[in-house]
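Colleague: Take this sequence and fold it.
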Amino acid sequence: LLVVTFTVSAAAEMRSRIRDGLQKELAANPGSRHLQAQSILTGRAKICTIDSFCADLVRSNFHALGLSPDFRIADGAEEELLRRAALTEVFEQFYAEEDADFLEGVAQFSTQKNDEGYFQTVLSVLDWLDSLPYPLEQFSRFMEQWNPASGGGLYSSPWFAEAAGHARRVLSRALRCYERIEAALQDDQSLQAAWGDVFAAEKAALSALVAHMDAQDWEGFTAGLKRGVFGSLAGRRVKAESSETLVRKAWIQELRDQCRKDVRRLHPGVYWGTQADFSQDLERFYPVLRGLMRVLKAFYARDWELKRARNTLTFSDITHCALRLLVDGYDWDSGELRRTALARELAQELDEIYIDEFQDTNLSQNLLFEAVSRVGENLFCVGDVKQSIYRFRRAMPELFMQKLAGARAVGEGFPAAVHLSQNFRSAEGVLTFANSFFERLMRADACGLDYDADQRLYPGAPYPDGDYDPELHLIELYGSAGDADGGDGGQDGAAPDGDE
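Modeller: Now for the predicted structure:
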């Protein structure tokens with residue numbers, strides 16, 4: 001078995017539980033030689049973290065990588081110093097060569113005082129690439145999305161599709177809010193009389209923007225966004241303000257203000273340009289990416305030289321070295337990998353591979369486990385996407401979602417999914433509230449996950465009779481979102497106001 005988890009403490013706890021379980025069985029069956037042997041072997045069982053698995057693999061095969069067997073792993077501070085030293089040397093080299101694309105990148109990302117802005121940009125790109133297999137190949141694929149010669153038009157661009165998708169989600173959410181506002185106005189004639197025509201016009205403007213987006217009419221979309229969506233409520237006094245009307249009025253104002261803020265965050269720098277403007281941006285920015293690619297190549301070469309001289313590797317290096325040992329190639333489009341002879345040998349030795357906290361793995365780590373598995377058929381992955389908290393470390397919970405999407409029910413074939421939905425920590429009232437809360441918040445378009453029957457929590461432990469219903473305390477925080485009549489603000493076509 002290979003059992004992999006995320007932290008050293010979790011691996012130690014897992015080993016301890018297995019040992020305790022074996023001791024309990026051995027106490028009940030003291031004559032079992034099999035249990036005796038398993039209990040003795042627990043200390044040498046392959047229960048480890050991902051980093052430990054990679055480090056052991058690299059140390060066992062150092063000769064295949066041209067490494068010294070006594071290499072050490074740098075801590076965070078040393079890693080940062082080495083990275084900055086290598087990048088500083090690369091910058092000096094490119095300045096000396098007067099590389100035009102490099103100098104354009106410095107000009108676009110830095111101030112006139114120094115090149116720190118571009119320096120930090122390169123460090124951020126390196127941090128992103130660290131978690132990916134074959135980083136230079138991946139950056140080359142990314143760069144080609146900006147190539148003006150690639151053709152296909154604005155809507156075929158993956159980065160533009162992301163921006164357009166975000167805009168549509170913002171506008172669709174605002175429309176849903178306006179449908180709620182419309183229903184509230186119909187229930188109150190004094191509010192309908194004072195505000196009805198304004199909100200109807202705003203809703204129509206939002207609907208028109210969505211229609212332009214769906215029709216891929218970018219010129220119409222930008223023109224509508226520039227004209228503005230929101231009118232003014234200034235001077236529109238609400239008559240016969242009962243206490244119920246006052247509450248409804250405040251709620252409508254708050255909902256409208258949030259919609260205004262969301263829509264106005266569709267920044268002019270992205271969403272107000274024409275297709276011709278975007279084409280010009282591509283022509284101007286592609287050389288910067290081309291220069292950045294040369295900087296990255298030079299950095300990786302110099303960084304490796306410095307580390308070899310110090311006989312030092314980082315955890316990221318360890319992962320990439322392990323990939324070199326196990327993976328001979330990866331098809332980015334199909335997701336298929338070619339295994340090395342070493343990977344096929346290890347796959348024959350491992351009957352089962354258990355991976356805990358799978359939602360916190362990245363693509364490089366996933367490829368490692370796929371490589372040493374038997375075409376994935378002996379992989380047992382445990383995770384909960386709702387508990388994914390390591391995106392800032394480049395975790396990719398979508399990998400787990402992809403596995404779930406392709407899984408069947410138990411007994412219907414491979415791969416299969418077992419939903420561990422029973423909760424043994426909370427009473428039924430607490431779980432009912434949590435389910436009700438999260439099924440309203442968690443949707444695939446917002447967080448990549450629909451909180452459906454498979455995600456709900458069900459009571460798994462009996463609790464003594466009693467009142468375990470939760471109490472919910474709401475604290476209203478009042479800000480400066482306009483005046484008492486909804487904010488005059490005016491129309492919003494020219495430029496975003498201070499909402500940001």
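Colleague: Show me what the strand or helix carrying L206 packs onto, helices and strands only.
Modeller: L206 belongs to helix 189-214 when assigned by DSSP states H and E. With contacts defined as 3 or more Cβ pairs under 8 Å, 6 or more residues apart in numbering; DSSP states H and E, the packing partners of helix 189-214 are helix 158-186, helix 218-227, helix 243-264. Where you see a C-beta, it was placed from the backbone N, CA and C, and this is true even at glycine.
Colleague: got a markdown table for these, with mean pLDDT and distance to Q93 too?
Modeller: A markdown table is the format used below for the helices and strands packed on helix 189-214 (pLDDT from 0 to 100; distance: least, Cβ to Cβ, whole Å):
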| stretch | mean pLDDT | distance to Q93 |
| --- | --- | --- |
| helix 158-186 | 90 | 30 |
| helix 218-227 | 89 | 41 |
| helix 243-264 | 92 | 44 |
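Colleague: quick one: which of these is nearest E345?
Modeller: Nearest to E345 among these is helix 158-186 (38.0 Å), distances taken as Cβ to Cβ.
Colleague: now stretch 276-289: how far from the chain's centre is it?
Modeller: Computed by Cα atoms, centre = their mean, to the nearest Å, the chain-centroid distance of stretch 276-289 equals 27 Å.
Colleague: buried stuff in that stretch?
Modeller: By neighbour count on 16 or more other Cβ atoms under 10 Å, the buried set for stretch 276-289 is F278, L282, Y286, V288, L289.
Colleague: Now do it: everything it contacts.
Modeller: A100, D101, E104, G105, Q108, M143, W146, N147, P148, L154, F160, G273 (Cβ atoms under 8 Å, 6 or more residues apart in numbering).
Colleague: With stretch 185-200 instead?
Modeller: For stretch 185-200, contacts defined as Cβ under 8 Å, 6+ apart pick out 178, 181-182, 184, 231-233, 236-241, 244-245, 248-249, 252, 256, 486.
Colleague: how far does stretch 330-342 stretch from start to finish?
Modeller: Taking Cα to Cα, to the nearest Å, stretch 330-342 runs 16 Å from one end to the other.
Colleague: For it, which outside residues touch it?
Modeller: By Cβ under 8 Å, 6+ apart, stretch 330-342 touches 61, 64, 133-134, 137-138, 141, 325-329, 347, 367, 370-371.
Colleague: from the contacts of stretch 276-289, which is closest to L1?
Modeller: M143 (41.9 Å).
Colleague: what's the angle from the strand or helix carrying the closest one to helix 158-186?
Modeller: Under the criterion of DSSP H and E, M143 resides in helix 135-144. Orientation check (axes from the mean of the first three to the mean of the last three Cα atoms, to 10 degrees): helix 135-144 against helix 158-186 gives 60 degrees.
Colleague: Report how many residues lie close to N366.
Modeller: The number of residues packed near N366 is 22, by other Cβ atoms under 10 Å.
Colleague: unless I'm mixing things up, it is touching L399, no?
Modeller: Yes: assessed by Cβ atoms under 8 Å, N366 is found in contact with L399 at 5.3 Å.
Colleague: ok so, going back, and the buried ones among the contacts of stretch 330-342, selectable in PyMOL?
Modeller: Here is the PyMOL selection string for the buried members of the contacts of stretch 330-342, based on 16+ other Cβ under 10 Å:
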select buried, resi 61+133+134+138+325+326+327+347+367+370+371
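Colleague: Closest one of the contacts of stretch 330-342 to T121?
Modeller: Nearest to T121 among those: Q138, at 17.0 Å, using Cβ to Cβ.
Colleague: pretty sure that closest one contacts D130?
Modeller: No: between Q138 and D130 there is no contact under Cβ under 8 Å: 10.9 Å.
Colleague: Next, show the common contact partners of N366 and L399.
Modeller: Common contacts of N366 and L399 (Cβ under 8 Å, 6+ apart): none found.
Colleague: CA atoms only for stretch 21-29 - export them in PDB, please.
Modeller: Extracted as PDB, the C-alpha positions of stretch 21-29 are listed here (Å, rounded to 0.1, in the frame of the first residue of the first chain):
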ATOM      1  CA  GLY A  21      -6.500  -1.200  15.200                       C
ATOM      2  CA  LEU A  22      -4.000  -4.100  14.500                       C
ATOM      3  CA  GLN A  23      -3.200  -4.400  18.200                       C
ATOM      4  CA  LYS A  24      -6.900  -4.600  19.100                       C
ATOM      5  CA  GLU A  25      -7.400  -7.400  16.500                       C
ATOM      6  CA  LEU A  26      -4.200  -9.100  17.700                       C
ATOM      7  CA  ALA A  27      -5.500  -9.100  21.300                       C
ATOM      8  CA  ALA A  28      -8.600 -10.900  20.100                       C
ATOM      9  CA  ASN A  29      -6.600 -13.300  17.900                       C
END
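Colleague: Next, the buried residues of that stretch.
Modeller: L22, L26.
Colleague: re earlier: select from the contacts of stretch 276-289 the one having the most neighbours.
Modeller: Most crowded among the contacts of stretch 276-289, counting by other Cβ under 10 Å, is G105 at 25 neighbours.
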